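Student: no sequence for this one, just the structure:
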């Protein structure tokens, strides 16, 4: 029962959504509207799972006094303050919540990702080698695109942006389309396996082979 | 010869900061055909048409995508179009509000009348699917809690067919879901604004006509700012971008010189 | 006077804005301190980020989903644009609450029901749309005329366009050959596979070029913030501090 009911739910809902695609009738639309509305509400609860997990991990770290446990206090305290401030004073512009987002979350998030600029420069020096004809081809394509996508490239030659656009529009499309076909076929196969109950990993159970 | 990685970091920081410190600028150059396609499409829309901009990004992708959102909104307001903003990720809520209100200020566009921020809804695919049949059923109010029926900006908007254009601004593969569900199933007129990382993945869609046009990274944003003759942060950043790319190429060349020299010595 | 106007007039912006700017600048530099080496300031900033962003998510989901999609339709239907309460909402709310059963090992099997629902919906919806968008349309657009000059197009331009169409179709077949492992790759298949690899190298090279552009843009964004938003306040703040201490000492 604990497995059969969820498998039946997946099968019924999946089949309804699949068939509904081919039924351009108001009844079909209403069914899809209802099911997608339910999914939106369920999606909101999934966030609670993530937050609960976060709490569990950091509380455990503090309890066992693992390395860096003091920083877990920072995480849990900042989380609590952010939630209280948001619920008490709202989220509109001018509120403390909005201020915290703009002056704490934005600079931290943006700066953390901007570190990648430094790492890509270091990687370009250390790893990007023309070891073989294939890697040389990769390197050449990268050089053309890097120069063609910036103003200095067009200053060097107006052909560079044209060459960049051609590389992106022809050989890149051919290769990416091939990958896209593979991804699509894999996605369709996996979706079918989920609907008929062969794929069960999302239920925490071994799949049937 | 091994260069300490911290020297590389310092060099990159100096190269990127220098144009801002010394006010160096390079001419931007011409806009790509993919950017022009979006511009021309919006130019051709009659007044009071509505375009939907989905602000699916957070602070991490702000430098590339936020200027796109502002430029698109500015263009729409200058053409007396309505703008419907929304987001499918929580971080996009404030991004959308900031971008739309910044653009609206310059053109006297009023929230509720000329533009609206529908806010955030979780569930991704279910939101895109739901909007295909009934947008007001998915977003019953705007982000302030004002019912849709009371918003002039949402008059006559029920499905994607009532929109002149849908633009997805994102740094994630989310745009694939917009192509698969909104464009393919409901025939939404779809354009993309993506971080440069995603650009190569978008070209099959462009070539197939599934995307009307594409804004590619900071350059795409700068190109659009130039087309609407309203340079902003993206345009300011392009000189630094040029210098940074040349620096990266210099590192690649240096690294390869060292590699081939070492290989020759070993032989 | 707004913050921007105050900056333009070399006056100090409102205190909250000013404190926010300096906090943002401090946190930016705290993150960049990692480039020299891992340190307590960076670790503090990192953990602060995790906490604040998680809290932000909870608040937004509360206002945008819990209130608007669950509480209002049930208890305040007029705010949701409804004539009367929509009691059907109780069912998905119950399913959503079942997800939380994952926190109790004895009852975590209950969480399978909502997960099964969402997975079934996604799987069922994606099959026909994926076939249409990824297979049919993409294949159709690959099979292009080998020779179809547009009106007014020169012979050279038409030939180049035709060459592109051939390359597109040929490149796709070769790329698919590269990923075909059901037979031993020899003969024609081996040649096609090798050509496919070249196409992939060009695509990955283009991808790398664009990735470099994206990463640099992130740094440029931060430099723009420091240069145009924070740096103009440094002079007025130092001046204000000087005037404060000079006034107190006299």
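Tutor: Thanks, I have the structure now. What you see is a predicted model, and the numbers here were worked out from it, not measured in a lab. Numbering: from 1, shown residues only, chains lettered A, B, ... in the order given.
Student: where does pLDDT dip in the stretch 101-250 of chain B?
Tutor: The model of the stretch 101-250 of chain B has no residue with pLDDT under 70.
Student: scratch that, chain C is what I was asking about
Tutor: Applying pLDDT under 70 to chain C flags the ranges C:1-13, C:248-250.
Student: quick one: the strands in it?
Tutor: Applying DSSP state E to chain C gives no strands.
Student: for the stretch 51-200 of chain B, which residues are neighbours of chain A?
Tutor: Contact residues, the stretch 51-200 of chain B versus chain A (Cβ under 8 Å from any Cβ of the partner chain): B:58-63, B:91, B:93-94, B:97, B:101, B:121-127, B:129-130, B:133-134, B:137-138, B:144, B:185, B:196, B:199-200. Every residue, glycine included, has its C-beta placed from N, CA and C.
Student: kindly supply the ChimeraX command isolating those of those that are buried.
Tutor: A single ChimeraX command selects the buried members of those (16 or more other Cβ atoms under 10 Å in any protein chain shown):
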select /B:58,59,60,61,62,63,91,93,94,97,101,121,122,123,124,125,126,127,129,130,133,138,185,196,199,200
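Student: can you tell me which of the residues of the stretch 51-200 of chain B next to chain A are up against chain C?
Tutor: Near chain C, by the rule Cβ under 8 Å from any Cβ, you find B:60-63, B:91, B:93, B:121-122, B:125-126, B:129, B:185, B:196, B:199-200 out of those.
Student: most widely separated two among those residues?
Tutor: Largest separation among those by Cβ to Cβ: B:63 and B:185, giving 32.8 Å.
Student: can you give me the buried ones in the helix ranked longest in chain A?
Tutor: Longest helix in chain A, counting residues (DSSP state H): helix A:26-63. Burial within helix A:26-63, assessed by neighbour count using 16+ other Cβ under 10 Å, is assigned to A:28, A:31-33, A:35-48, A:51, A:54-55, A:58, A:61-62.
Student: how far away is the nearest residue to residue C:45 once chain neighbours are set aside from residue B:14?
Tutor: Closest residue to residue C:45 apart from its sequence neighbours, by Cβ to Cβ, 6 or more residues apart in numbering or on different chains: residue C:30 at 4.1 Å. Using Cβ to Cβ, to the nearest Å, residue C:30 is found at 20 Å from residue B:14.
Student: and if you look at residue C:179?
Tutor: Residue C:179 sits 43 Å away from residue B:14, going by Cβ to Cβ.
Student: in chain A, which spans are helices?
Tutor: Going by DSSP H, chain A shows helices at A:4-20, A:26-63, A:69-89, A:96-100, A:106-127, A:133-148, A:151-156, A:159-169, A:171-196.
Student: pull the longest helix from chain C.
Tutor: Ranked by number of residues, the top helix in chain C under DSSP H is helix C:188-225.
Student: what about that one, near chain A?
Tutor: Yes: using Cβ under 8 Å from any Cβ, helix C:188-225 reaches chain A at C:196-213, C:215-216, C:218-219, C:221-222, C:225.
Student: cool, stretch B:9-24 as well?
Tutor: Yes: in terms of Cβ under 8 Å from any Cβ, part of stretch B:9-24 sits within range of chain A, namely B:9, B:11, B:12, B:13, B:16.
Student: so which of those residues are in helices?
Tutor: Those of these lying in helices (DSSP H): B:9, B:11, B:12, B:13, B:16.
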